[in-house]
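J.: need a structure here:
(chains A and B)
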Amino acid sequence: MKSANFAYIRATSLDHALSTLANTEDAIVLAGGQSLVAALNLRLQVPELVVDINHVPGLDQIEIGDDEVRIGPLVRHAQLMASDEATKALPLIGKALPHVAHPAIRNRGTTCGSLAYGDPAAEMPACAVALGATLVLASTDGTREVAAREFFEGLYETQRAPHEMLIEARFPVAPKGARPVFDEVAARRGDFATLGLAGQIHVDSGVIAAFDLVAFGSEPAPLLLENVADIALGKAPNPGLITDLSQAVADQVHPMESPLATPQMRRRQYRALAERCLHAAMEFADV
Amino acid sequence: MLLKPCARWPMNKLVSKAVGAPMPRESARLLVEGRGSYVDDIALPGMLHIAFVRAPFAHGRILCIETADALQMPGVVAAIDGKELAEICAPFDTNPPGVPGHASAPQPPLAIEESCFQGETVVAVVAESRAAAEDAAELVFVDWEELPAACSIAEAQSDSAAAVHSSFDNNLSLHHRFGAEDVSDAFENAAHVVEESFAFGRQTGVTLEPRGIIAHWDPRAEELEVWQSHQVPWQMREVYAAQLGLSPQSIRVVAPDVGGAFGLKLHAYADELAAVAVSKRLGRPIKYIVDRLESFTSDAHAREAKATCRMAVDSEGHILGIDAVVDSGFGAYAMHPRGSFGEAMQAAQMIGAPYKVGAFRAEVRGWRQNKAPSGAYRGVGQPIACAITEDMIDLAARAVGIDPAEMRRINYRSTLDEGTRATQSGLVIEELSLDACLAKLMEAMDYKTLRAGQAALRENGIYRGIGFASFVELTGVGAGLYGPLGLPLAANESCRLTLQPDGSLTCATSVTDQGQGTLSALGQLIAGEFDIAPNMVRMISGDTGRTPYGGGAWASRGMALGGEAARRACVRMRDGLFEVAAGVLQCEPSALAFDNGEIIGLKGPSGLTLAEMGALCHYRPYDIPTGQVPPMTIEESFLPLNLPYITSNGVHAVHLEVDSELGTVELLDYWVVDDCGTVVNPLLVDEQLRGGIVQGIGAALYEECVYSEDGQFTNGTLADYVVPMAGEMPAIHVDHITTPTRASGLGAKGVGEAGTVGAPGAVRTAINDALSPLAARVAKQPFTTRRILEAVMAAENLE
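T.: Coordinates of the predicted model:
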């Protein structure tokens, strides 16, 4: 279980990293390495070049503005989790991060790395889609912004081109009173979820003003549950509504076949999980 | 005065009576701080590394092997195939003469012409580094013809099954019966007969440190040294001598620090034998460390079984008869040298072991399969027997309409006469204490309150379950079992105790320690006998060059056998020292005692320290009044001569909640009351129980080697093969009943497997108890989310 040979460059600046990516056909960025190094050792990935960005100064910044939180490419999950300001501005992130693997992995793994990798069972891509985050991609040609809702295309497939690097994730600050929704089903706490729900609900003046809910883990990419939102918006939260919404979640998902559960089982799990999550979120809302 | 006082040991004695003292384990500090020395920490000058080319198919014929491209790679020294290695190394032949009808094909270290499971070693690529060897291994070309395979037990036993190995035309490797030929009377006269089918998934031991070996054949001295992550160095010396045609005396096997073993490091593996043979071939040291993927596909697997069981009971719940059939999955070859039959035999023979079962019949069949060989894993068959028995007890209790705890109580064997006795299935059982264990357990768990709470929560759609598992465990298994099977295994345990001139003691023991703390407990026991601080006893283990002949570690023997050997050595050492001291102190030896590192007479404190005794005996023997120098090294060996093994027993209980919508299980609380006889160190014993229970919970809820239909291992990473982690584990409350075995003076019985034997049965019965209001049951272990939802949804569809 030794990786195949690859060239290694320790980037000294962002420009250095980007120019290296531009000049090599088959390069890959090493940030936290919690998925990449295992894939290298299993020879599931055999890149020509690994570009290590861990020593580039200034990439580990969390900027908290009035409207958005900007997360740099070397911000570790643990660093984000420890930032009270960040988790207050992004309560969903605060609720989801404890489900991201285990402390040792969170100490190294980066939030942007998780987004760039696009693992369908990972929590951060689901949160980014639910919150309508914006992802900033850079290359020697310049930068471009892609909505998280457009970014994830399928199993480990994203809109990032091989020569691009995800240099920032921008999450909109939660409006006052918005409630996070998060739970998942995993064999053990910290495992990749077999399925989960991530979202944010805002009840204003007794009616649901915003409802963004994402199903993940069972789908090739995070699935924004727009049909469910259509049912929820403008209604007053009540147990009957939650039952309808939970059924709608089960109806809108398209779970992949898996040895872990049949699609029928997953719909049952989604319905139960949604019922519990939405009850928890709405009970505490300022109705 | 002949003796001048000399410097006292600086340390204070920690305990006044070592047996039973909860002493912290100082030697664990070294391991926790990363200062252990495992096989992979060892490097020898000129050492080479192996990467193996392994078979990609469940069953295949090797048409040709091309190694030219691999040999061109930088750093590559050799690429050796099975035919080349066969010139110097014999294949494993694993057919114990004492097991009638046992049939297993010879297993060469590298496959020759035919390979019988995915992951079987085919070519050894030898290079200056493991990475270079892996790069080159990718360039070895093997032309394969894929052959028909039989992978599942059902497939292997079908009439049209493909032959797993071409030397046989069917796949039956073992067929054996226990008990009566006919039990029909018991079933015809029964008030109730319950019946169930069972299935147990394949598991493997998943040691933190994978297997590993360094072999060094020295062509000059014609000596072989082997460092191996292993449980039984003496066994391995004999194995290498036999396979390579060497004198055992020319071989030294060392097991340095070992990071977990659980039975899987009890065996001889083809890849490790290949590493030894390659060293002999090339005359250079060879290192081979099994990586995690290789661990999953080639470590001993265990537990795969199917079973059916019927139980007959009278109207009050007394068991009248048991009739069972167990089919066990052996894999491609019998595991060398002990075979793969132990699990199957114990799975059948130990059904009903804790209970008076009336008529008993069990039939067991072992099947070759195109999968990795199966072998010993903590508990060996007993977890299967226990789970079957306990589920049947619950089914019968429900049929009769009595409480499952009461059903157990009225059927326990423990109320029988004292003395050793054989069950109908041939088990030799000492007196048991299951009644007392259950009584203590019920009190600890507050059983009535739990049942009331369960009933109340069911009204709200919350399904909690309470499960019990009573077990009898065969520990310290010795020559009485292996000798008649024709297996050349030393099963005694030995202690060589030396008094050093400075008054410290050295204990060289045949017992080995893979993380259990056995050596700490042995040191504590010895320190207690001399009433000295434990750090005055130095332990030596795991080295055929430095320790007396004996077993090592398996079947919960460290304290039961090794502890008694140590105690006997202490007694003989003491007697010799007291003879000398009696002369010096002018009293009878019987008037002497050890007190805080000194030998004192009745008149108290001006005694002789062990340092004074050491100096006297080693340096100034002419000053000994009797003129007789006692032996400063004593060797003792122990094996209970009248018993094949020493039986422990106990009762487990678990409280859990099943989420009928998500299919998940939450463990709420766990209790165990265990009787392992005399407890030397309760901290170590309790953690053996907890660790074993956690491993048993892994079996019940998570762990399974999942093969595809065509025999491909599909979940060979620790992300996919799920083992239990601390976050999901309940509080485990441990208590004891103490019934010392009469087989030894120490009275200790084994405890290492007690947790693993009972936990799967307890979790199984608890889940089925929780699901009972839904008319759902689970039968196939592990009880994954998928299997629980399958059961719940099938029951809903029936409504």
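
J.: so how far is chain A from B:Ser158?
T.: Between B:Ser158 and chain A the distance is 24 Å, computed by CB to the nearest CB, to the nearest Å. Every residue, glycine included, has its C-beta placed from N, CA and C.

J.: show me the contacts for the nearest residue to that residue once chain neighbours are set aside.
T.: Setting aside the residues directly before and after it, B:Ser158 is nearest to B:Ala150 in space (CB to CB, 6 or more residues apart in numbering or on different chains), at 7.9 Å. Residues in contact with B:Ala150 (CB atoms under 8 Å, 6 or more residues apart in numbering or on different chains) are B:Ala156, B:Ser158, B:Ala161, B:Ala162, B:Ala163, B:Val164, B:Asn171, B:Arg368, B:Gln369, B:Asn370.

J.: just those now: which is nearest B:Phe638?
T.: Each of the contacts of B:Ala150 was scored against B:Phe638 by CB to CB, and B:Arg368 proved nearest at 37.5 Å.

J.: hmm, B:Ser340 and that closest one touching each other?
T.: No: B:Arg368 lies out of contact with B:Ser340 (CB atoms under 8 Å); the separation is 9.3 Å.

J.: tell me, what's touching these two both at once?
T.: Common contact partners of B:Arg368 and B:Ser340 (CB under 8 Å, 6+ apart): B:Ser104, B:Ser173, B:Phe330, B:Gly331.

J.: contacting residues around the second one?
T.: This means B:Ser173. Taking CB under 8 Å, 6+ apart, we find B:Ser173 in contact with B:His102, B:Ala103, B:Ser104, B:Phe330, B:Ala334, B:Ser340, B:Phe341, B:Gly366, B:Trp367, B:Arg368.

J.: would you turn those into CSV with pLDDT and neighbour count?
T.: Shown next, in CSV, are the contacts of B:Ser173 (pLDDT from 0 to 100; neighbours: other CB atoms under 10 Å in any protein chain shown):
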residue, pLDDT, neighbour count
B:His102, 87, 20
B:Ala103, 88, 18
B:Ser104, 93, 28
B:Phe330, 97, 31
B:Ala334, 96, 29
B:Ser340, 94, 30
B:Phe341, 94, 25
B:Gly366, 97, 33
B:Trp367, 97, 27
B:Arg368, 97, 30
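
J.: in helices, which of the residues you listed appear?
T.: Per DSSP state H, helices hold the following members of the contacts of B:Ser173: B:Phe341.

J.: report the two of the contacts of B:Ser173 separated the most.
T.: Farthest pair in the contacts of B:Ser173 (CB to CB) is B:His102 and B:Trp367. Separation: 12.7 Å.

J.: note down every partner strand of the helix or strand of chain B with the lowest mean pLDDT and its orientation.
T.: Using mean pLDDT, DSSP states H and E, strand B:421-422 stands out as the lowest-scoring helix or strand of chain B, at a mean of 74. Partners of strand B:421-422 in the sheet, by DSSP bridges, are strand B:428-429 (antiparallel).

J.: so for the partner strand, mean pLDDT?
T.: Mean pLDDT, computed over strand B:428-429, is 86.

J.: distance from it to the middle of the chain?
T.: Taking CA atoms, centre = their mean, to the nearest Å, one finds strand B:428-429 lying 20 Å from the centre of the chain it belongs to.

J.: hmm, who's touching it?
T.: Residues outside strand B:428-429 that contact it (CB under 8 Å, 6+ apart) are B:Ala353, B:Arg413, B:Thr420, B:Arg421, B:Ala422, B:Thr423, B:Val472, B:Leu643, B:Pro644, B:Tyr645, B:Thr647.

J.: repeat that for 7 Å
T.: Residues outside strand B:428-429 that contact it (CB atoms under 7 Å, 6 or more residues apart in numbering or on different chains) are B:Thr420, B:Arg421, B:Ala422, B:Thr423, B:Val472, B:Leu643, B:Pro644, B:Thr647.

J.: and the helices in the stretch 51-200 of chain B?
T.: B:68-71, B:82-86, B:130-137, B:153-157, B:184-188 (DSSP state H, counting those that start in this stretch).

J.: where does the chain have low pLDDT?
T.: Chain wasn't specified; assuming chain A. Along chain A, segments meeting pLDDT under 70 span A:284-287.

J.: that's the wrong chain, I meant chain B
T.: Counting by pLDDT under 70, the ranges of chain B that qualify are B:1-17, B:415-420, B:603-606.

J.: okay, now the domains of it?
T.: Following automatic domain parsing, one gets these domains for chain B: B:48-147+B:207-261+B:264-298, B:301-479+B:642-798, B:492-638.

J.: may I see the ones you listed arranged in JSON lines, with distance to A:Glu283 as well?
T.: Converted to JSON lines, the domains of chain B look like this (distance: least, CB to CB, whole Å):
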{"stretch": "domain B:48-147+B:207-261+B:264-298", "distance to A:Glu283": "43"}
{"stretch": "domain B:301-479+B:642-798", "distance to A:Glu283": "17"}
{"stretch": "domain B:492-638", "distance to A:Glu283": "47"}
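
J.: among the ones you listed, which is nearest A:Glu219?
T.: Once those are compared by CB to CB, domain B:301-479+B:642-798 is nearest, at 17.8 Å.

J.: pull the distance from the closest one to the chain's centre.
T.: Using CA atoms, centre = their mean, the offset of domain B:301-479+B:642-798 from its chain centre is 16 Å.

J.: up against chain B, what does the stretch 1-150 of chain A have?
T.: Selection of the stretch 1-150 of chain A residues close to chain B by CB under 7 Å from any CB of the partner chain yields A:Met1, A:Lys2, A:Ala4, A:Asn5.

J.: give me that answer again for 6 Å
T.: Neighbours of chain B within the stretch 1-150 of chain A, by CB under 6 Å from any CB of the partner chain: A:Met1, A:Lys2.

J.: which stretches of the stretch 1-150 of chain A form strands?
T.: Secondary structure of the stretch 1-150 of chain A (DSSP state E, counting those that start in this stretch): strands at A:7-10, A:27-30, A:49-52, A:62-64, A:68-71, A:134-139, A:142-147.

J.: again, but for the stretch 351-500 of chain B
T.: Remark: strands assigned in the stretch 351-500 of chain B by DSSP E, counting those that start in this stretch are B:359-368, B:421-422, B:428-429, B:463-475, B:493-499.

J.: distance to B:Thr518 added to the helices of the stretch 51-200 of chain B, as a markdown table?
T.: Shown next, in a markdown table, are these (distance: least, CB to CB, whole Å):
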| stretch | distance to B:Thr518 |
| --- | --- |
| helix B:68-71 | 43 |
| helix B:82-86 | 36 |
| helix B:130-137 | 32 |
| helix B:153-157 | 36 |
| helix B:184-188 | 43 |
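
J.: good, we can wrap up now.
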